[in-house]
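coordinates only, no sequence provided:
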């Protein structure tokens, strides 16, 4: 039974949405990806996996494999580590940007707690304004609301 292949625009959009769209598919020169219905140079996860396989199974030098798959040697080593630690999931792109509310330091959260003690139901936009005036950092009111909700969950 043949696998139904999604339309190229639909697949590209899905890959883009997941952060797995290869930004330089034209740089992939490996023969597997030339005129193939199965191998897709737009699919960065597939490209990384095949690059790893080429080194591990076919014993191709890292620099040669990385070049043939349009990637750098550091990218090869990152992919190798990710794959060794997490399997295919280790080849998925990591989300960019801060991993936590870095502006809401312990000092800022203490200040917010003190402000809430004085007014238990403050408007979050007024709290954000007070934080900006006191600490010189701009924090979105929704970020404050989420941080307080997280603190409430930790206490229960």
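Done, it's in. None of the values given here were measured: they were computed from a predicted structure.

how about low-confidence regions in this structure?
Applying pLDDT under 70 to the chain picks out residues 1-6, 95-101, 122, 153-156.

what's the domain layout of it?
Here the domain parsing of the chain from automatic domain parsing is 8-91, 106-155.

for residue 142, which non-adjacent residue is spatially closest?
Using CB to CB, 6 or more residues apart in numbering and skipping residues adjacent in sequence, the residue nearest residue 142 is residue 124, 7.2 Å away. For the C-beta atoms, the positions are set from N, CA and C on the backbone; glycine is no exception.

OK, contacts around the one you found?
141-142, 144-145 (CB atoms under 8 Å, 6 or more residues apart in numbering).

which one of these sits in the busiest neighbourhood?
residue 144 (24 neighbours; other CB atoms under 10 Å).

and the next helix or strand past the strand or helix carrying residue 126?
Using DSSP states H and E, residue 126 maps to helix 124-135. The C-terminal neighbour of helix 124-135 among helices and strands, as given by DSSP H and E, is helix 141-155.

next one: that next one to chain centre, how far?
How far helix 141-155 lies from its chain's middle: 23 Å, per CA atoms, centre = their mean, to the nearest Å.

and the helix or strand harbouring residue 85, what does it pack against?
Using DSSP H and E, residue 85 sits within helix 73-86. On a contact count with 3 or more CB pairs under 8 Å, 6 or more residues apart in numbering; DSSP states H and E, helix 73-86 meets helix 44-56, helix 62-68.

just the closest of the contacts of residue 124 to residue 31, please.
Closest to residue 31 out of the contacts of residue 124 is residue 142 (50.6 Å), distances taken as CB to CB.

and the gap between the closest one and residue 148?
Applying CB to CB, to the nearest Å, the value for residue 142 to residue 148 is 11 Å.

swap in residue 59?
56 Å.

who has more neighbours, the two?
Using other CB under 10 Å as the criterion, residue 59 and residue 148 rank with residue 148 on top: 17 against 8.

apart from its neighbours in sequence, what residue is nearest residue 77?
Closest residue in space to residue 77, ignoring its immediate chain neighbours: residue 62 at 7.8 Å, by CB to CB, 6+ apart.

ok, that neighbour - contacts?
Residue 62 neighbours (CB under 8 Å, 6+ apart): 55, 73, 76-77.

most neighbours of all the residues you listed, which one?
With neighbours taken as other CB under 10 Å, the top of the contacts of residue 62 is residue 76, carrying 21 neighbours.

I am finished for the moment; much appreciated.
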